[in-house]
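*Asks:* Provided below for reference: sequence and predicted model.
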Amino acid sequence: MKKINLALSFALVLVVLSGCSDSPKSEVATYKYTTEQVYKETCSHCHGPKGEGMAEKKAPALTKQSVQELEMSLFDIKNGGLGQSTASEHDVMEHNMKKLAEKGFDYDINKMANYIHNTFYVTH
Amino acid sequence: MKSDKIIEEILFEIEKHEGVMSRRNAMKFLAVSPIAASVLAGVATSTEANAASSTATGKIVIVGGGLAGVATAAKLTRRLANPDITLIEPNPKSVSYQPGQTLIAGGIWQKSDITYETANFIPKGVKWIKDSVVSFDPKNNKVTTADGIEIGYDYLIVATGLMLNFGAIKGLEGEITSSGADNAIVRQKVGKNGVYSIYFADGAVDTHKGIEELIAQAKAHTGTDKLQAIFTDPDTPIKCGGAPKKIMYLMHDLLKKAGVRDKIELTFCPSGDKMFGVPEYNTAIFEQFKARDFKWEFKTNLVAIDTDKKVATFEKKWLEKGEYDEDLKEYTMVSMSKMVDKNYDFIHITPPQKAPDAVGKSPIGSSKGWVPVVKETLQHVTYKNVFALGDVAAVPMGKTGGSARKEYPVVAENLIAVMEKQEKLPAAYDGYTVCPLITSIGTVMLAEFNWTAKPTPSFPLDPTQERWIWWLLKVYALKPMTVYGMLSGRA
């Protein structure tokens, strides 16, 4: 009986919470290098100094994607998939990214997507 | 007003399951509860603050009348003094409660428990066109319906949901929606003969029958080899990432109760290489799997099925060490794959999922189909008078009712800002989503998280624990909250 009361209270708390605009509780992550440093020190070895890509490294060009597309890809790579048990579409890069992160070459997804787009994007 | 309705519905749900709590006691509790009182107060104030506070005008067209579309219509109706909203949705039962499909398969609910008539939830003043959109012309601000009617708009909200693409698996056919009635093509092969899917409502009903058949088969089964039950999880983004596992937990319980669990092997075969994208929940699920003697094979994606021979073909992927790369200062990895056949007695298929072609291949779509939006503001990346939310929007980790519940107020507020010619969009979505992971009949792990891929619990309780109170929340409270809170744009 009491347990049910408790459960109902929680259900109602949820109603309350969903009514308020609770601010995100995310922590602010800090990174060892700037996005530009990370790109120049690591990404550029395979994706090229101008984001042009390298066929022999199987690294695609990064010059044609919107910030939004880059963000989705970077999320997929860093998180190992866009869902819960969904496979990453970038399984090799997911592995490489883990190795790079171990060496401190980690980055904020949104900042990196903006850096790549603003620095390398080519129309046509 | 509306919070009364939510409480009324919670009481109704409790009443249906006699013996849990009498309505009289529940009423008494609600009357004295300070929390209940604060709910009423809270809803009342927020209603007042938000009521018709914008005088912006313009014709708004919402494509899709599921939870996301109807909730957005309701919110906009309440916020705009002179709303002009047209909603286009062909399915008369589009607001049906999809999260209940797992409970139908578990034999806890009936299909009637989740079926809701869209007509009862269309906000007053909203024009409903019972048709589907076949083409989008965002440069000229118009859409065309299947009946060939052109509909112009000033502002467009895309909330079509997604398609269950059974046809992408060789041996199966059809592309259907969860609540649509036109699923005969898929049901030729799915929902019988050991092949099941809870991803559509009729499929969930069939799945429960299938589990009962498997129990009967197991009871008659002699010999030391076990019957094989396989659970798949595809390589596309999916609705409710927990469901492929929830059905496994429910089945485990039903088999145990029937005394046949030891005769059946349960194996999870997902395309990915983990249980959950949030490390804390991932670890918890591994423990739950071990405790139940579940088997799993990662990076094993269903690609074909022979339903006559009961053989499923999976593409198994792995990485092999290649040459040393001087630039990376690591060994390169080479992606490898091979086909693996598995015999099954029962297979639960989570179908590959995609945006409807009318959306995905249109100018508002993208190379992967999903509508590209700025993931925080939910505004289209190219067309600033277009927003998208729900399953069809290209945001990571979304595609749950919980995501839609956090997205629709963001879309409403940002759209109003665009209508008012404000420079900055005021509202931002943080990727919050929730997966009430059913771990048995009676327990749920309430996995809440956002794009930080960290648990974001709403309650001061260890979120990795399986708890019976979350079961009560799932079975008794979430549906009334969704149906009467969210669909009216209030919660």
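*Replies:* Thanks, I have it.
*Asks:* all strands for chain A, in order.
*Replies:* Shown for chain A, no strands are assigned by DSSP state E.
*Asks:* shaky segments in it?
*Replies:* Chain A contains residues with pLDDT under 70 at A:1-28, A:124.
*Asks:* contact partners for the most centrally placed residue in it?
*Replies:* In chain A, the residue lying closest to the centroid (CA atoms, centre = their mean) is residue A:75, at 3.0 Å. In this structure, residue A:75 makes contact with A:82, A:109, B:396, B:451, judged by CB atoms under 8 Å, 6 or more residues apart in numbering or on different chains. In short, each C-beta sits where N, CA and C put it, glycine included.
*Asks:* now those residues: which count as buried?
*Replies:* Neighbour counting with 16 or more other CB atoms under 10 Å in any protein chain shown marks A:82, A:109, B:396, B:451 as buried within those.
*Asks:* wait, does stretch A:54-71 contact chain B?
*Replies:* Yes - interface with chain B: stretch A:54-71 contributes A:57, A:66-69, A:71 (CB under 8 Å from any CB of the partner chain).
*Asks:* who wins on neighbours among those?
*Replies:* Sorting these by how many neighbours each has (other CB atoms under 10 Å in any protein chain shown) puts residue A:71 first, at 25 neighbours.
*Asks:* quick one: that residue and residue A:111 touch, right?
*Replies:* No - with contact defined as CB atoms under 8 Å, residue A:71 does not count as touching residue A:111 (10.1 Å).
*Asks:* burial measure for residue 108, as a count.
*Replies:* Since no chain was named, I'll use chain A. By other CB under 10 Å, the residues close to residue A:108 number 16.
*Asks:* that answer is for a different chain, and I need it for chain B
*Replies:* Residue B:108 has 18 neighbouring residues, counting by other CB under 10 Å.
*Asks:* how about the contacts made by it?
*Replies:* When contacts are counted by CB under 8 Å, 6+ apart, residue B:108 touches B:441, B:475.
*Asks:* where does it land in three-state SS?
*Replies:* coil (DSSP: H, G, I helix; E, B strand; the rest coil).
*Asks:* tell me how far it lies from chain A.
*Replies:* Computed as CB to the nearest CB, to the nearest Å, the residue B:108 to chain A distance reads 16 Å.
*Asks:* what's the answer for residue B:384, then?
*Replies:* 14 Å.
*Asks:* phi, psi of the closest residue in space to residue B:348 that isn't next to it in sequence?
*Replies:* Excluding its sequence neighbours, the residue lying closest to residue B:348 (CB to CB, 6 or more residues apart in numbering or on different chains) is residue B:231, at 4.7 Å. For residue B:231, the backbone dihedrals are phi -130, psi 120 (criterion: degrees, to the nearest 10).
*Asks:* is residue B:173 in contact with residue B:164, as I believe?
*Replies:* No - if you go by CB under 8 Å, residue B:173 and residue B:164 don't touch, sitting 12.0 Å apart.
*Asks:* mutual contacts of these two, please.
*Replies:* Joint contacts of residue B:173 and residue B:164 (CB under 8 Å, 6+ apart) are residue B:186.
*Asks:* how about the contacts made by the residue lying farthest from the centre of chain B?
*Replies:* Relative to the C-alpha centroid of chain B, counting by CA atoms, centre = their mean, residue B:326 is the outermost residue, at 44.6 Å. With contacts defined as CB under 8 Å, 6+ apart, residue B:326 has no neighbours.
*Asks:* so where do the helices sit in the stretch 301-450 of chain B?
*Replies:* Secondary structure of the stretch 301-450 of chain B (DSSP state H, counting those that start in this stretch): helices at B:357-360, B:401-419.
*Asks:* looking at this, residue B:289 is in a helix?
*Replies:* Yes - assessed with three-state DSSP, residue B:289 lies in a helix.
*Asks:* residues near it, how many?
*Replies:* What residue B:289 shows, counting by other CB under 10 Å, is a neighbour count of 19.
*Asks:* please apply the same query to residue B:57.
*Replies:* Neighbours around residue B:57, by other CB under 10 Å: 13.
*Asks:* over to it. Which of the three states is it?
*Replies:* Three-state call for residue B:57 (three-state DSSP): coil.
*Asks:* can you check the pLDDT for it?
*Replies:* On the pLDDT scale, residue B:57 is placed at 95.
*Asks:* quick check: it vs residue B:408, distance?
*Replies:* Distance from residue B:57 to residue B:408, counting by CB to CB, to the nearest Å: 21 Å.
*Asks:* for residue B:338, same thing?
*Replies:* Distance from residue B:338 to residue B:408, counting by CB to CB: 44 Å.
*Asks:* tell me which of the two has more neighbours.
*Replies:* Set residue B:338 next to residue B:408 and count neighbours by other CB under 10 Å: residue B:408 wins out with 28 against 9.
*Asks:* distance of the more buried one relative to residue B:68?
*Replies:* Noted for residue B:408: a distance of 6 Å to residue B:68, by CB to CB.
*Asks:* helices along chain A, start to end?
*Replies:* For chain A, the helices defined by DSSP state H occupy A:2-19, A:35-38, A:44-47, A:67-79, A:91-102, A:109-120.
*Asks:* and among those, the most buried is which?
*Replies:* Counting by mean count of other CB atoms under 10 Å in any protein chain shown, helix A:67-79 has the highest mean neighbour count of the helices of chain A, with a mean of 21.
*Asks:* what sits in contact with each of residue B:408 and residue B:68?
*Replies:* residue B:389.
*Asks:* now residue B:137: phi and psi?
*Replies:* When read as degrees, to the nearest 10, the backbone of residue B:137 gives phi -130, psi 80.
*Asks:* just give me the neighbour total for it.
*Replies:* Neighbourhood size, residue B:137 [other CB under 10 Å]: 14.
*Asks:* what pLDDT does the residue nearest to it when sequence neighbours are not counted get?
*Replies:* With CB to CB, 6+ apart as the criterion, residue B:137 has its nearest non-adjacent residue at 6.9 Å, and that residue is residue B:143. We have a pLDDT of 98 for residue B:143.
*Asks:* next, residue B:143: phi, psi?
*Replies:* Note on residue B:143: its backbone torsions stand at phi -130, psi 160 [degrees, to the nearest 10].
*Asks:* residues in contact with it?
*Replies:* By CB under 8 Å, 6+ apart, the neighbours of residue B:143 are B:61, B:63, B:88, B:133, B:135-137, B:150-151, B:153, B:156.
*Asks:* mind running it again at 6 Å?
*Replies:* B:133, B:136, B:151 (CB atoms under 6 Å, 6 or more residues apart in numbering or on different chains).
*Asks:* got those residues as CSV, with pLDDT and secondary structure columns?
*Replies:* Shown next, in CSV, are those (pLDDT from 0 to 100; DSSP: H, G, I helix; E, B strand; the rest coil):
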residue, pLDDT, secondary structure
B:133, 98, strand
B:136, 98, strand
B:151, 98, strand
